[in-house]
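Student: The following block contains a protein sequence and its predicted model.
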Amino acid sequence: MTTADAPTEEGDAGWSVPSPSSVGLVAVIVAATGGEPRSLTVRMQGQAEGRQDGLPAGPLVHEHATLEKGLRAWVERQTHQRLGYVEQLYTFGDRDRSAGVQEGAHSLSVAYLALARELRPAGLAEAAWRNWYGYLPYEDFRRGRPAALDAIEPKLLAWAAEPADAKLRRLREDRIGLTFGLGGAAWNEERVLERYELLFEAGLIPEAQGNVGAARPNDPMGAPMAFDHRRVLATAIGRLRGKIKYRPVVFEMMPPTFTLLQLQRTVEALSGTLLHKQNFRRLVAQQGLVEETEDVTSGAAGRPARLVRFRREVLLERPAPGLRLTPSRRAP
């Protein structure tokens, strides 16, 4: 990382000169394979003892004209993964958020969301594609209400009841209802970051205690990640869930040809929601998102299915060609 050494005395106007800071890049690289959402992770030394899963991260260097070009070059060099769609997520700059910087300094990370077709990671030791629901298990409603919520909700309600001040208790209760869909509120699949931050504020996840402790099997809160990387991941998931509704970014993760069922399973995996089959296919047809090929599936059990491909012309035909979600049943 690059670190700017700055003096610590006050300036002429009485303002304190900024403390040292370091700037780096962190990438949430997402793929969807076999009907499951996966993020490229690496094993790294976190704040706790031992090694933990984290996101690919590296220093900002001056050899590239833009941050995005630097990110693409850095990821390809270290993972042999060529990125397709890339967008900037957020700049994370909490004090003492990572190791290797001066105490009290701000470590700035510019986070990016990148979409790719899953390939075997190479070049980076201990890199692996992992299902992102291993870190956020309560976000997956594809098999009904997640069992993790049965353990999480009582703890959140107990936290809400702690304050002596009635207004603060009500405020906490309202936030829980809004983010976790309690008290008659609807579950919003895009509020991934809000749910994570509420669990953090309530002290229910290891990161709230400085990443203390290793991952526990079947932990309803999910496996911790190094530093604040689970927060970065939650930010990316929420952004992507919103983005697929009005931009055809999901096709960046699809093979050149695919079936409509494969497309539906990919959207379901990313959104954590089962979709109504006929409504989904009707929407795809109405939006003109795909076109049929001459090929069909072969070698699998059941009736052969027609293979389709993404129609790139739709990018010029429609201002917001996306896939609005039509759940097969309302998420509880």
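Tutor: Looks like it arrived, so ask away. Fair warning: this is a prediction, and the values are worked out from it, not measured in the lab. Residues are numbered from 1 along each chain as shown.
Student: now the helices for the stretch 151-300 of the chain?
Tutor: 166-180, 192-201, 229-243, 260-271, 277-287 (DSSP state H, counting those that start in this stretch).
Student: would TSV of the ones you listed with distance to residue 111 and mean pLDDT be doable?
Tutor: C-betas here are computed from N, CA, C, even on glycine. Formatted as TSV, those follow (distance: least, Cβ to Cβ, whole Å; pLDDT from 0 to 100):
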stretch	distance to residue 111	mean pLDDT
helix 166-180	21	96
helix 192-201	12	96
helix 229-243	5	96
helix 260-271	18	96
helix 277-287	30	93
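Student: Give me whichever of those helices is most buried.
Tutor: helix 229-243 (a mean of 24; mean count of other Cβ atoms under 10 Å).
Student: Which other helices and strands does that helix contact?
Tutor: Under the contact criterion of 3 or more Cβ pairs under 8 Å, 6 or more residues apart in numbering; DSSP states H and E, helix 229-243 touches strand 21-33, strand 86-92, strand 106-115, helix 192-201, helix 260-271.
Student: at 10 Å instead, please
Tutor: Taking 3 or more Cβ pairs under 10 Å, 6 or more residues apart in numbering; DSSP states H and E as contact, the helices and strands that helix 229-243 lies on are strand 21-33, strand 36-45, strand 51-54, strand 86-92, strand 106-115, helix 192-201, helix 260-271.
Student: CA-only coordinates of the longest one, as PDB, when you get a sec.
Tutor: As requested, the backbone C-alpha atoms of strand 21-33 are provided in PDB (Å, rounded to 0.1, in the frame of the first residue of the first chain):
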ATOM      1  CA  SER A  21      -3.500   7.300   5.300                       C
ATOM      2  CA  SER A  22      -3.100   4.300   3.000                       C
ATOM      3  CA  VAL A  23      -5.100   3.700  -0.200                       C
ATOM      4  CA  GLY A  24      -5.900   0.300  -1.700                       C
ATOM      5  CA  LEU A  25      -8.300  -1.600  -3.900                       C
ATOM      6  CA  VAL A  26     -10.700  -4.400  -2.900                       C
ATOM      7  CA  ALA A  27     -12.700  -6.500  -5.400                       C
ATOM      8  CA  VAL A  28     -15.900  -8.400  -4.900                       C
ATOM      9  CA  ILE A  29     -15.700 -10.700  -7.900                       C
ATOM     10  CA  VAL A  30     -19.000 -12.600  -8.400                       C
ATOM     11  CA  ALA A  31     -19.900 -15.600 -10.600                       C
ATOM     12  CA  ALA A  32     -22.800 -17.900 -10.600                       C
ATOM     13  CA  THR A  33     -22.200 -21.600 -11.300                       C
END
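Student: Low-confidence ranges, the stretch 51-200 of the chain, go.
Tutor: Residue ranges of the stretch 51-200 of the chain with pLDDT under 70: 60-64, 94-106, 119-125.
Student: okay if I get the helices of the stretch 151-300 of the chain as CSV plus distance to residue 30?
Tutor: Shown next, in CSV, are the helices of the stretch 151-300 of the chain (distance: least, Cβ to Cβ, whole Å):
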stretch, distance to residue 30
helix 166-180, 22
helix 192-201, 13
helix 229-243, 7
helix 260-271, 8
helix 277-287, 21
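Student: picking up where we left off before, could you dump the helices and strands packed on helix 229-243 into a markdown table with distance to residue 70 added?
Tutor: Listed next are the helices and strands packed on helix 229-243 as a markdown table, based on distance: least, Cβ to Cβ, whole Å:
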| stretch | distance to residue 70 |
| --- | --- |
| strand 21-33 | 7 |
| strand 36-45 | 17 |
| strand 51-54 | 19 |
| strand 86-92 | 11 |
| strand 106-115 | 9 |
| helix 192-201 | 25 |
| helix 260-271 | 27 |
